[in-house]
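> okay, here's the prediction I keep looking at, along with the sequence it came from:
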Amino acid sequence: MLLFYRKYGDPKHKPIVVLHGVLGLSDNWDYFGKRFAELGFYVIVPDMRNHGQSPRYEAFNYKVMARDVKKVLDYEHIKKCYVIGHSMGGKIAMMLAFENPQLVERLEVLDISPRKFDHPLEHVGFIDAMGKVDLKHVKRRSDVEEQLAKYNFEKRILLFLMKNLSFSHEHGFRWKPYLKSIYKNIEEIGKGLENQGVYTGPTLFIRGGKSDYILEKDVAQIEKQFTDYQLVTLPESGHWIHVDDPVGFMRETERFLPPLSLRSE
């Protein structure tokens with residue numbers, strides 16, 4: 001089965017694929033999808049498996065998710081593209097580049113390194129809280145928000161989680177992500193990609209100055225696996241680069257991507 005994905009811009013233009021993180025959604029990238037389209041790109045933003053409107057699977061790891069993205073690109077008859085990935089999506093993008101270097105013309109990774117890391121485990125708390133909400137008996141979105149508020153999440157985390165709530169008259173309220181599979185496989189998301197390959201194409205890592213997902217100790221590993229890389233820090237940003245500093249994110253992305261006249265087809 002094919003991932004659900006959103007499309008922006010003219011299919012004749014140079015494609016960019018944008019990959020979200022754990023509990024993210026393609027809808028979260030709507031503003032940037034439109035912005036990139038205005039700049040002359042064809043933009044594809046999938047819901048990753050077990051997220052949003054995409055199919056649910058028990059398997060949930062970087063290899064299968066990279067292959068999910070490859071299927072979308074094959075379906076769109078795309079032979080070369082630029083890839084942007086945030087957090088988990090950044091590691092999916094890395095795996096896609098390792099396995100299909102001829103496909104990924106340029107790679108942009110937002111606030112994640114290829115090393116093994118523990119941060120996804122914080123999502124266990126998010127998933128646990130979402131799973132404990134009694135969706136069968138809530139009548140309004142505010143009832144769900146009230147139950148999640150008991151966990152004292154930051155306001156932006158609360159809003160982030162609430163975007164995963166859907167409603168239909170047939171099924172009532174439900175969570176879009178397949179929480180059971182994500183929870184069961186959360187350690188897969190923390191695994192490193194140190195032995196998965198080398199990518200020689202142009203690569204931009206953007207890290208948040210207030211985040212610790214890319215540390216100085218990670219630079220040596222990045223150098224080994226990404227032989228043509230740049231590392232940029234946005235000082236006032238946390239982990240959610242595109243949310244915390246959208247201006248900085250767009251500035252560095254536009255600087256990294258070739259001008260319209262120089263884009264190869």
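Now that the structure is in, tell me what you want to look at.

> so who does the residue nearest to residue 95 when sequence neighbours are not counted touch?
Using Cβ to Cβ, 6 or more residues apart in numbering and skipping residues adjacent in sequence, the residue nearest residue 95 is residue 66, 3.9 Å away. Heads up, the C-betas are built off the backbone N, CA and C, glycines and all. Residue 66 makes contact with 92, 95-96, 99-100, according to Cβ atoms under 8 Å, 6 or more residues apart in numbering.

> all strands for this protein, in order.
5-8, 14-19, 41-46, 81-86, 104-110, 165-168, 172-175, 199-208, 226-234 (DSSP state E).

> can you add mean neighbour count and give these back as a markdown table?
Below are the strands of the chain laid out as a markdown table (neighbours: other Cβ atoms under 10 Å):
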| stretch | mean neighbour count |
| --- | --- |
| strand 5-8 | 19 |
| strand 14-19 | 26 |
| strand 41-46 | 25 |
| strand 81-86 | 26 |
| strand 104-110 | 25 |
| strand 165-168 | 13 |
| strand 172-175 | 15 |
| strand 199-208 | 21 |
| strand 226-234 | 17 |
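
> show me where the protein has helices.
Here the chain has its helices, by DSSP state H, at 30-38, 62-75, 88-99, 122-132, 141-149, 155-162, 179-184, 186-190, 219-225, 241-244, 246-256.

> from those helices, which stretch is densest packed?
Neighbour counts (mean count of other Cβ atoms under 10 Å) averaged over each of the helices of the chain peak at helix 88-99, with a mean of 26.

> what comes into contact with that one?
Outside helix 88-99, the residues touching it (Cβ under 8 Å, 6+ apart) are 17-22, 24, 48, 62-63, 65-67, 69-70, 83-85, 103-104, 107-112, 114, 120, 189, 193, 196-199, 201, 203, 225.
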